[in-house]
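Participant: Got a predicted model here, sequence first, then my questions.
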Amino acid sequence: MTVTLPPGPTDPVAPDDAGRGTSRRRFLGFLVAGPTLVAASQIAVETAAPTPAAANVPTGPEPGDLYDLGQLQVLATKATSNLITVEVHKDNTVSFALPRAEVGQGITTTMAMLIADEMDISIDRVHVTLSKARPEYQFNQLTGGSNSVRSLYAPVRHAAAIARKRMVDTAAARWRVDASTLTVTDGVIRARDGRSATYGSLTKAAATSRPLPMTAELKPTDHLKLVGKSHNRIDAHEIVTGRKKFAMDHVVPDALPTMVCRPPTIKGTVKRVHNRAAVLKMPGITDVVTISTGVAVRGRTFGQCIDAVRALKVSWADGPVGRKSDADILAELHKNEVPLAVPDVSPLAKTIDLSFTFAFASNSPLETGTAIADVRAKSAEVWSCLKAPIVAQQRIAEKVGLPMDAVTVHVVQGGGSFGRHLFHDTALEAAEISKKLRKPVKLMWHRTDDFRQGRVHPMATSRIRATVQGDNVFTYEQRHTSVSTDFDHGFGDLVSSFAGTLPGFNFLGLAQTVFELSQNMPYEYGMTDQVLDEVDMDFVTGSMRNIYSPDVTTARELMTDRLAKEMGLDPHKFRRKFLKDDRAIAVLDKVAKVGNWGRKMPHGTAQGIALHAEYKGFCATLVEIDCRTHTVKRKIRDAFTGPRVTKAVTVVDVGLPINPRGLEAQMMGGMMDGIALALTSSLHLRDGHFLEGSWDNYWYTRQWNVPPTLKVIVMPQTSNQPGGAGELGVAAAKAAVACAYTRATGKMPTKFPINHDEPLGFQPLPTTPSIPQSPTDGLRYAY
Amino acid sequence: MPKHSFILNGKRVHVDCPNDVRVLWVLRDILNVHGPKYGCGLDVCKACTSHINGKAFNPCSVMISDIKPEDEITTIEGLADTVGKALHPMQEAWLENDVAQCGYCQPGQIMTAVAKVKQARAEGRKIGDMDFDEIRNICRCGTYHRIREAILAGAKKM
């Protein structure tokens, strides 16, 4: 099959029409056989990554500068872009079964915008659903790495353009007129003589009985009406009326509430259940069964399951982490730290070393782990929010002893993820319980378990050595030593399969490859080396939003402020002088201007500025922080108050912003995460378990921590390709807060979040029973 | 099994269940009213916030036996009916400000917002930063800023 869409120089899916607004590129797609019109994308298949161009700049480009993780993902999805299809229905609606998860990032809205725009149909006629797991998608059904827009932008537009063309051709043939004389408005095709037909009325005629290749053209960007303009979420109405369905809201017959009594140590196991019979007699309880992760109970209501879990008397064996505490893990990390090199520079150069520790953290979406499973003798059906559903399908099939195609895995809308739903832990557990009980179950994790036994962002240290002389930075070495991050969720397979095509990556481990492809160096700091060393301590870890970058960037930006001080330069001016990319300078300058950088601030308060580049995008954040005693010590019931960020401004350049309003939302969320990770939220490991068990222990940003003044500015289009956005906002925000705190207090923190080693601000919940009882005094607090 | 009755979103409902089952599970698991969400069951995250006789409360922390037959419980599903419109002004404000991301906490946020505005009014004040700092509802997506803007906008139309 002829391929007419040549890849761009660095990004293999570049349809080079955007930005200029005039050039039109013809590409090949095809029609899928069926009773109604189904149009598919077909894009060139690259077998190898482009060779990095030789660069000759003071800092040699980091691998992530030349070829980033996202491009690897885009490459991995290309072989299956022909499975990206849009279907036209008789009721004049268009549907797209999106092979990604929607967890709040707004991907369904973005996809609906692209389709509506390309097809000239109103966006409310476009229905985007989430595809069930389909193994034929291979690497094209994985949501992560802020990659969905990057990998779907071209194929979705192509499929929509093919559909539009076929519809117009069908009308032209029926009316015996030239297709170029027809116009389309909101799904209605019109001829010059006044005849008209809806897409829906033509879909049967447009359908084909055998696959049919056809070519089409994408609209020039300046003809697009939605792309680049703010659009509200397509599910907003369902959300504000309480009708949006999450896993727990799906009603599957006889799938009764189910919960698990979990061990007092991480990954501990059941030795013996002492009172199964007594618990089975409790009101509403139908089943009690031991599973690989604990003891499951099933009952009429979740409230009665909570009672049963609390009543269970279980003997446990310790998990692999044993009874260790934070200090043990940190000591183990220090033991594994590779010494920093002695740079080969002039003896007159000054060496500056900085070292930081980053605590365990929890991605903890507000919707706890939830899955419905109905495992029968010859088939199984599962519903859950899954970002890698094909891997889930495979592992569930193995677990319940069924062939993969006998297991149907439905992807449902998620109440947040922040990396948590890359894993299918809850779905697998639900399937195990359902198989054992031979009954459908609706499994829900308790909040306390979600913090204590759920996936965590691993503890890490980051050490940096820089050498400086006069107004030059000669070397920069950063060694990030981390408890291992688990990538065993499909993303790992993708990286292992495709990283081999990249020069220089043959000998790197999986996590190192992810690290190298995601970390870049935006500054000209001479000889630069950033390395990850991992220590496997058998924790339950995973990629939390933006993986390594919030920690790595915070350390780098604090070093950047330190270097600026060494040279006697203002942090903004210093960054400006050393930044490599004009787009980076532009966002930095803009944030400095909008945020009124350099304004006089009272003693105990300060500004901080930081920059982060990733996912082919740039992000600069400026914050003002108040560290004065009366602010830090302000009293709010059961709250950690601490220093307050009083103003936060983020400027973002994602290349091609598709939905600026959605992008702003992602940046705001990233800022809230950054504030939390710098100042308030972490997990404390003590005696083999995490102490946090409630949102009043794990201090994610709350209203009393929110900056009263907050602004996001989306830069105008700077590229033909959309970059990634979902995770981009976290790192710069965290770093800016850290820099501001350092400037306000005159002391650079060495541990994040800054309150981690302070006395605990809460009384930890017991580990036995494993979950707390719900209060009964709620009416006293009614207001 | 004990019988319970109360008014839910304007209609009388009857439930047979033990006295100590929390109202959240009566709503969700027995009556299939799914607007109020579970986020902790500890009266901390506030995702289940609903109204009882016009005041905000958290059904995860109230036993069904503490609900009297004359009590009127309103969940997000019944909020618009309290003003006799398709949407409550606070829901409209949420749409105009495109507040939601994943949406899981938003029913609780909206129910809290309405009660907070009424509370400030009853105390003869306009809602402002001090009131916002008292809102305990978690939004893990971090939509707090838009929540603040939407409450100000919604309050004007209430």
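Facilitator: Alright, I've got the coordinates. Residues are numbered from 1 along each chain as shown, chains lettered A, B, ... in the order given.

Participant: How many neighbouring residues does the residue lying closest to A:Thr36 once chain neighbours are set aside have?
Facilitator: Nearest non-adjacent residue to A:Thr36, counting by C-beta to C-beta, 6 or more residues apart in numbering or on different chains: A:Thr203, 4.4 Å away. In this view, the C-beta of every residue, glycine as well, is placed from N, C-alpha and C. Close neighbours of A:Thr203, defined as other C-beta atoms under 10 Å in any protein chain shown, add up to 25.

Participant: Likewise for A:Ile115?
Facilitator: Per other C-beta under 10 Å, the neighbour tally for A:Ile115 reads 27.

Participant: State the distance from it to A:Ala620.
Facilitator: According to C-beta to C-beta, to the nearest Å, A:Ile115 and A:Ala620 sit 33 Å apart.

Participant: now do A:Val240
Facilitator: In this view, A:Val240 and A:Ala620 are 33 Å apart by C-beta to C-beta.

Participant: which one of the two has more residues nearby?
Facilitator: The neighbour comparison of A:Val240 against A:Ala620 (other C-beta under 10 Å) goes to A:Ala620, with 32 against 28.

Participant: what's the next secondary structure element after the helix or strand of chain A with the lowest mean pLDDT?
Facilitator: Using mean pLDDT, DSSP states H and E, helix A:63-66 stands out as the lowest-scoring helix or strand of chain A, at a mean of 65. Next in sequence after helix A:63-66, counting helices and strands by DSSP states H and E, comes helix A:69-78.

Participant: counting contacts, what elements does that following helix pack onto?
Facilitator: helix A:148-175, helix A:491-499, helix A:510-518 (3 or more C-beta pairs under 8 Å, 6 or more residues apart in numbering or on different chains; DSSP states H and E).

Participant: looking at those, which is buried most?
Facilitator: Comparing the helices and strands packed on helix A:69-78 by mean neighbour count (mean count of other C-beta atoms under 10 Å in any protein chain shown), helix A:148-175 ranks first with a mean of 24.

Participant: thinking again about what came up before, out of the helices and strands packed on helix A:69-78, which comes closest to A:Arg272?
Facilitator: helix A:491-499 (35.6 Å; C-beta to C-beta).

Participant: how distant is the closest one from the center of its chain?
Facilitator: Its chain's average C-alpha position is 18 Å from that of helix A:491-499, according to C-alpha atoms, centre = their mean, to the nearest Å.

Participant: how about the strands in chain B?
Facilitator: According to DSSP state E, chain B carries its strands in the segments B:3-8, B:11-16, B:50-52, B:55-57, B:72-74.

Participant: Which strands and helices lie in contact with the third one?
Facilitator: Based on contacts counted as 3+ C-beta pairs under 8 Å, 6+ apart, the elements that strand B:50-52 packs against are strand B:55-57, strand B:72-74, helix B:106-122.

Participant: JSON lines please, covering the ones you listed and showing mean neighbour count, distance to chain A and mean pLDDT.
Facilitator: Listed next are the helices and strands packed on strand B:50-52 as JSON lines, based on neighbours: other C-beta atoms under 10 Å in any protein chain shown; distance: least, C-beta to the nearest C-beta, whole Å; pLDDT from 0 to 100:
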{"stretch": "strand B:55-57", "mean neighbour count": "20", "distance to chain A": "4", "mean pLDDT": "98"}
{"stretch": "strand B:72-74", "mean neighbour count": "21", "distance to chain A": "11", "mean pLDDT": "98"}
{"stretch": "helix B:106-122", "mean neighbour count": "23", "distance to chain A": "4", "mean pLDDT": "98"}
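
Participant: Which one of the ones you listed lies nearest to A:Ala740?
Facilitator: Here helix B:106-122 is closest among the helices and strands packed on strand B:50-52 (C-beta to C-beta), at 28.3 Å.

Participant: could you say what helices and strands that closest one packs with?
Facilitator: Contact here means 3+ C-beta pairs under 8 Å, 6+ apart; on that basis helix B:106-122 packs against helix A:236-240, strand B:50-52, strand B:55-57, helix B:76-79, helix B:89-96, helix B:129-132, helix B:144-157.

Participant: Find the residue at the geometric middle of chain B.
Facilitator: B:Ser50 (2.7 Å; C-alpha atoms, centre = their mean).

Participant: didn't that one look like it was pressed against B:Ile73?
Facilitator: Yes: between B:Ser50 and B:Ile73 there is a contact under C-beta atoms under 8 Å: 6.1 Å.

Participant: where do the contact lists of those two overlap?
Facilitator: Common contacts of B:Ser50 and B:Ile73 (C-beta atoms under 8 Å, 6 or more residues apart in numbering or on different chains): B:Leu27, B:Pro59.

Participant: Return the set of buried residues in stretch B:96-107.
Facilitator: Neighbour counts over stretch B:96-107 (16 or more other C-beta atoms under 10 Å in any protein chain shown) mark B:Asn97, B:Asp98, B:Val99, B:Ala100, B:Gln101, B:Cys102, B:Gly103, B:Tyr104, B:Cys105, B:Gln106, B:Pro107 as buried.
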